[in-house]
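[1] Here's my sequence, what's the structure:
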Amino acid sequence: MNRKLRMGMIGGGKNAFIGAVHRIAANMDGLIELVCGAFSSNPANARESGRALYLQDDRIYASFEEMILKESELPAGERMDFVAIVTPNHLHFAPAMLALEKGFHVVIDKPMVFSLDEAKQLQKKVAEKDALLCLTHTYSGYPMVKQARQMVKEGAFGKIRKIYVEYPQGWLSRLSEKDGSKQAEWRTDPARSGKSGCMGDIGTHAAHLAEYISHLRITQLCADLSIMVEGRALDDDGNVLLRFDNGATGVLFASQVAAGEENALKIRVYGEKGGLEWAQQEPNTLLIKWLDQPTQILRAGSNYGDRLSSYAIHNSRTPGGHPEGYLEAFGNLYRNFALTLMARLDGVKPSKEALDFPTAEDGVRGLAFIDNVVKSNESLEKWTPHSH
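    Got it, this is the predicted structure:
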């Protein structure tokens, strides 16, 4: 292609955390430009947000409906190519469906939508329109997560037997939703967040990471959810026992009341011959543990092509020793999505590395995880089939 991809954004106005992250990630490789947006349901805020990003007034829209419909009427050489949806959960489905219906591709935050039924409808629409959908499970974008996944795939550890994954945070240790925190307010509101709080927000990240690295699928689970902070409407803590499709077992815990913790996502995967350990707060490092030799330390770096997989190298931006973190991982998702879309528009086949980003299928599995965790928590039965 001899041009950048054109992106529209729904949500992500001024003072919105995740909208700025999406814009940084999309801009990181010079493949994408923001050309339009419906940044807020408040018209003044939407207009002010768009002008702060130096968009033309006629490309700043008051609603997602107006944006998608008007963009679809523009000449092919001017309209957006895809839309990024960065609103709270309950506002994902309608804009995503309308965008797909009008021929636009979609990047969307997780959970993909509000309910499992909506997720299935969206997955069906993506297939019907032969569209691309990228679900921003950020942690799958890290180079050493890619490395871990490839080592498991290549059989380095033999058959996988055990998976431990944890995601403790402490930011909801108080009733912050009553103290003016907008992030806490919508995430703890069943009408906007869905049927689960903590498990929907960060437990889905942990479950996706477990399946992504291991190449396995959760088939059964046994969940115990809690509301630790009095007055809260949704779970803020939970523990889940897991069974996988190859017979492996696992333990997942997620908490937003682990006082003092930041974003301490960590995973350990063990097979017959050894295992691996990766932590989000030290993302450039992957520990490789062997049954019969000392632990190895692998480090991310674009100069380590002789010892890392092509997937890890493709997603490494700098030589070893230069920290690459959350924003770069987010950027990797956008870059892989962009490279895949550009290849499609050029009528060529994208590389296997570029195709490696979460899709609508991951979105359906995420909503199924939320459904089944809540179902298990409410049930007197010990194990709940992980169906979707």
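[2] And Tyr164, its phi and psi?
    phi -120, psi 130 (degrees, to the nearest 10).
[3] actually His386, sorry about that
    The phi/psi pair for His386 (degrees, to the nearest 10) is phi -90, psi 70.
[4] That one against Ile218, yeah?
    Yes - between His386 and Ile218 there is a contact at 4.8 Å, judged by C-beta atoms under 8 Å. (C-beta placed from N, C-alpha, C; glycine too.)
[5] which residues are in contact with both of the two?
    Common neighbours of His386 and Ile218, using C-beta atoms under 8 Å, 6 or more residues apart in numbering, are Phe369.
[6] mind checking the longest helix of the protein?
    helix 326-346 (DSSP state H).
[7] Leaving out the residues flanking it, which one is nearest to Val373?
    Ala223 (4.3 Å; C-beta to C-beta, 6 or more residues apart in numbering).
[8] Distance check, the residue lying closest to Leu132 once chain neighbours are set aside against Cys198.
    Among residues not flanking Leu132 along the chain, His105 sits closest, at 4.4 Å (C-beta to C-beta, 6+ apart). His105 sits 31 Å away from Cys198, taking C-beta to C-beta, to the nearest Å as the criterion.
[9] Kindly report the same for Ser376.
    Counting by C-beta to C-beta - Ser376 and Cys198 are separated by 15 Å.
[10] Give me the more crowded residue out of the two.
    Cys198 (28 against 22; other C-beta atoms under 10 Å).
[11] wait, that one sits on Ala254?
    Yes - the criterion here is C-beta under 8 Å, and Cys198 meets it with Ala254 at 5.4 Å.
[12] any residues in contact with both of those two?
    With C-beta under 8 Å, 6+ apart, Cys198 and Ala254 have common neighbours Asp237, Gly238.
[13] Spatially central, which residue of the protein would that be?
    Central residue of the chain (C-alpha atoms, centre = their mean): His137, 1.5 Å from the mean position.
[14] which residues sit in contact with that one?
    Counting by C-beta under 8 Å, 6+ apart, His137 has contacts Lys110, His205, His208, Leu209, Tyr212, Leu333, Pro358, Asp362, Gly366.
[15] now the strands: where do they sit in this structure?
    5-10, 32-38, 82-85, 105-108, 133-135, 160-168, 218-226, 237-244, 249-255, 266-271, 274-279, 285-290, 296-299, 384-385 (DSSP state E).
[16] contact partners of the second one?
    Right, strand 32-38. Taking C-beta under 8 Å, 6+ apart as the rule, strand 32-38 contacts 4-12, 23, 26-27, 46, 49-50, 53, 55, 59-64, 66-67, 71, 80, 334, 338.
[17] same thing with the shortest one?
    Contacts of strand 384-385 from elsewhere in the structure, counted by C-beta under 8 Å, 6+ apart, are Thr219, Gln220, Leu221, Cys222, Ala223, Asn372, Lys375, Ser376.
[18] and which of these is nearest Pro350?
    When these are ranked by distance to Pro350 (C-beta to C-beta), Thr219 comes first, at 31.0 Å.
[19] Cross-check the contact I'm expecting between that closest one and Phe244.
    Yes - with contact defined as C-beta under 8 Å, Thr219 reaches Phe244; the gap is 6.3 Å.
[20] of these two, who's got more company?
    The residue with more neighbours, out of Thr219 and Phe244, is Phe244; 22 against 16, by other C-beta under 10 Å.
[21] hey, what's the more buried one bridged with?
    Per DSSP bridges, the residues bridged to Phe244 are Ile218.
[22] need the contact list for it.
    Per C-beta under 8 Å, 6+ apart, neighbours of Phe244: Ile160, Ile163, Ser214, Leu216, Arg217, Ile218, Thr219, Gly250.
[23] give me the number of residues near Ala76?
    So Ala76, with other C-beta under 10 Å, has 6 neighbours.
[24] And for Asn239?
    Residues near Asn239, counting by other C-beta under 10 Å: 17.
[25] Redo the strands of the chain as TSV? Include distance to Ile313 and mean pLDDT.
    Below are the strands of the chain laid out as TSV (distance: least, C-beta to C-beta, whole Å; pLDDT from 0 to 100):
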stretch	distance to Ile313	mean pLDDT
strand 5-10	23	98
strand 32-38	22	98
strand 82-85	26	98
strand 105-108	24	98
strand 133-135	21	98
strand 160-168	24	98
strand 218-226	30	97
strand 237-244	29	98
strand 249-255	29	98
strand 266-271	21	98
strand 274-279	17	98
strand 285-290	14	98
strand 296-299	12	98
strand 384-385	39	82
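[26] can you tell which of the ones you listed is closest to Leu175?
    The nearest among the strands of the chain, by C-beta to C-beta, is strand 237-244 at 14.3 Å.
[27] so how far is that closest one off the chain centroid?
    Computed by C-alpha atoms, centre = their mean, to the nearest Å, the chain-centroid distance of strand 237-244 equals 19 Å.
[28] same thing with stretch 115-122?
    17 Å.
[29] Likewise for stretch 35-54?
    For stretch 35-54, the distance to the chain centre is 24 Å (C-alpha atoms, centre = their mean).
[30] Need the distance between the two termini of it.
    End-to-end span of stretch 35-54 (C-alpha to C-alpha, to the nearest Å): 9 Å.
[31] For it, could you pull out the residues that count as buried?
    Val35, Cys36, Gly37, Ala38, Phe39, Ser40, Ala46, Arg47, Ser49, Gly50, Leu53 (16 or more other C-beta atoms under 10 Å).
[32] repeat for stretch 76-84
    In stretch 76-84, counting by 16+ other C-beta under 10 Å, buried: Arg79, Met80, Asp81, Phe82, Val83, Ala84.
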